[in-house]
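**Q** following is a predicted model, sequence given first.
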Amino acid sequence: MANDETQANWSYNPNGGEHQQEQGAEQSETVQDSQKTISWTASEYVANQKDAKWYFGFFLFLIICVGLVYFFTKDLISVVAIAVIGILFSVLANKKPKQLAYEINSQGISISGRFYNYSEFKSFSLSSEGVIGAINLMPLKRFMPEISIYFPPEQGEAIISVLTAQLPHEQRAEHGVDKLTKRFKF
């Protein structure tokens, strides 16, 4: 309980990129902001359009990988497994994202009816996919995946002000897998 009280006095400073302790009227404004509920709908992830050129490049890469594995191992099971995984990967790449309903308030975050309490998270970081902002929530549980929440730019400040009243902002470097998927427009 004492930890929640100390966290409520911290907010994200976009100019300095660090937490600053608020004083007086600014603190009451943050507490007031944290009492409101903000709702919006957004895509579960950013979908990149894949044209015929993308699929041609992917299948060319897959054929080269299958050929190299067969050349070095002469194992048909490995070749078939890689081919099946590649085909499943291309099917997954064509999947369209669902629209999710998001709601954030002083108790936690709700994503399409599933509620996450702030006590489940260590911190959050901000990122962007073009003009779309994203909040990445770092869980306390070791095997729980990081949760990414996309939000519209016009609601960004309000959402971040509610979030900073509850969780510390900790900017992290982008993971290698995330960089790779962005580069290949997956």
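**A** Arrived safely, thanks for sending.

**Q** isn't L163 right up against S123?
**A** No. L163 is not in contact with S123 according to CB atoms under 8 Å; the separation is 10.2 Å. The way it works is simple: take the backbone N, C-alpha and C, and place the C-beta from them, glycine included.

**Q** these two: who's more crowded?
**A** For L163 versus S123, neighbours defined as other CB atoms under 10 Å are more numerous around L163 (25 against 15).

**Q** ramachandran angles for the more buried one?
**A** phi -70, psi -40 (degrees, to the nearest 10).

**Q** now the closest residue to it other than its chain neighbours: which helix or strand?
**A** Of all residues not flanking L163 in the chain, F124 sits nearest, at 6.0 Å (CB to CB, 6 or more residues apart in numbering). In the assignment (DSSP states H and E), F124 maps to strand 121-129.

**Q** before we move on, what about S39?
**A** strand 38-43.

**Q** could you list the buried residues of that strand?
**A** Residues of strand 38-43 classed as buried: 38, 40, 42 (neighbour count, 16 or more other CB atoms under 10 Å).

**Q** helices and strands around it, which ones?
**A** Counting contacts by 3 or more CB pairs under 8 Å, 6 or more residues apart in numbering; DSSP states H and E, strand 38-43 is packed against strand 99-104, strand 147-151, helix 156-164.

**Q** which residues touch the strand holding F124?
**A** Outside strand 121-129, the residues that touch it by CB atoms under 8 Å, 6 or more residues apart in numbering are 46, 133-140, 150, 160, 163, 167-172, 174, 182.

**Q** which of those residues count as buried?
**A** Buried subset of these (neighbour count, 16+ other CB under 10 Å): 46, 133-138, 150, 160, 163, 167-169.

**Q** okay, the buried residues of strand 38-43 in JSON lines with distance to Y55 and pLDDT next?
**A** Listed next are these as JSON lines, based on distance: CB to CB, whole Å; pLDDT from 0 to 100:
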{"residue": "I38", "distance to Y55": "39", "pLDDT": "88"}
{"residue": "W40", "distance to Y55": "33", "pLDDT": "88"}
{"residue": "A42", "distance to Y55": "27", "pLDDT": "83"}
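
**Q** ok, now which ones touch the residue sitting nearest the centre point of the chain?
**A** The centre of the chain sits closest to S148, judged by CA atoms, centre = their mean, with a distance of 2.2 Å. Neighbour list for S148: 45, 134-137 [criterion: CB under 8 Å, 6+ apart].

**Q** least confident pick among these?
**A** Lowest pLDDT within these is found at Y45 (77).

**Q** max pairwise distance over the buried ones among the contacts of strand 121-129: which two?
**A** V46 and P168 (25.6 Å; CB to CB).

**Q** and V80, how many residues sit next to it?
**A** V80 sits with 11 neighbouring residues when counted by other CB under 10 Å.
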